[in-house]
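**Q** I would like the atomic coordinates for the input below:
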Amino acid sequence: MKGIIIYKGKYGATRQYAIWLGNILNIPAVVAGSEAKGDLESVDYIILGTSVYIGKLQLRQWVEQHQDLLLRKRLFLFLVAGTPVSEKEKLQEYIAVNVSAEIRSRCSCFFLPGKLVFNKLSLPDKILLRMGSWLAKKRGENIVMTDYNHVSRELLFEIVDAVGKLNEAAIK
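**A** Residues are numbered from 1 along each chain as shown. Model (predicted):
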């Protein structure tokens, strides 16, 4: 079976996961919007990779624009966020709010941790993060404002396994 990775991120973690995944599966990893329509038509499955920015998926608009095509494909979606992967309910809410029910019903979803390098954020993003942290504290939540990097190649094996099962089923 033939596949492609379409991804969109903001500060590099999503891109890193997409490149690693592409290398492991031997399929192209393409930034959303730079793919050729023929690339999408010719594949059996599409892996969508997106970061979350202020509760919105970076790939949201692309998914909406390509919904008709996506509904004809087997889909995998990985979300990269600062939200801990243990907070599954919150992560699933990001998907529920940003992705149509039709697409969600065709998707296997995976949650991957991201990274934060505060001094690499744009000034508006630094301000938004500080405001978000302040608002979260009022709700009794905590938003990490210190640098972290939880991006790891080993975290992709669940996705690789799911794609492998799809390929095995196609052979049978």
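**Q** please parse this structure into its domains.
**A** 3-114+154-171, 115-149 (automatic domain parsing).
**Q** can you flag the weakest of those by average pLDDT?
**A** Per-stretch mean pLDDT for the domains of the chain is lowest at domain 115-149 (a mean of 80).
**Q** tell me where the chain has helices.
**A** Remark: helices assigned in the chain by DSSP state H are 13-25, 37-41, 60-65, 67-70, 88-98, 101-106, 123-138, 157-171.
**Q** related to what we said a few turns ago, could you identify which of the domains of the chain is most buried?
**A** Among those, domain 3-114+154-171 has the highest mean neighbour count (mean count of other C-beta atoms under 10 Å), at a mean of 17. C-beta coordinates here come from the backbone N, C-alpha and C atoms, glycine included.
**Q** ok now that domain, how far from the chain's centre?
**A** Offset of domain 3-114+154-171 from its chain centre (C-alpha atoms, centre = their mean, to the nearest Å): 5 Å.
**Q** test my guess that residue 57 contacts residue 99.
**A** Yes - at 7.1 Å, residue 57 counts as touching residue 99 under the criterion of C-beta atoms under 8 Å.
**Q** mutual contacts of those two, please.
**A** Listed contacts common to residue 57 and residue 99 are residue 63; contacts here mean C-beta atoms under 8 Å, 6 or more residues apart in numbering.
**Q** if I look at residue 137, how far off is residue 54?
**A** For residue 137, the distance to residue 54 equals 17 Å [C-beta to C-beta, to the nearest Å].
**Q** ok, residue 97 touching residue 55?
**A** Yes - when contacts are counted by C-beta under 8 Å, residue 97 is listed as touching residue 55 (7.0 Å).
**Q** against residue 46, how distant is residue 163?
**A** Residue 163 sits at a distance of 11 Å from residue 46 (criterion: C-beta to C-beta).
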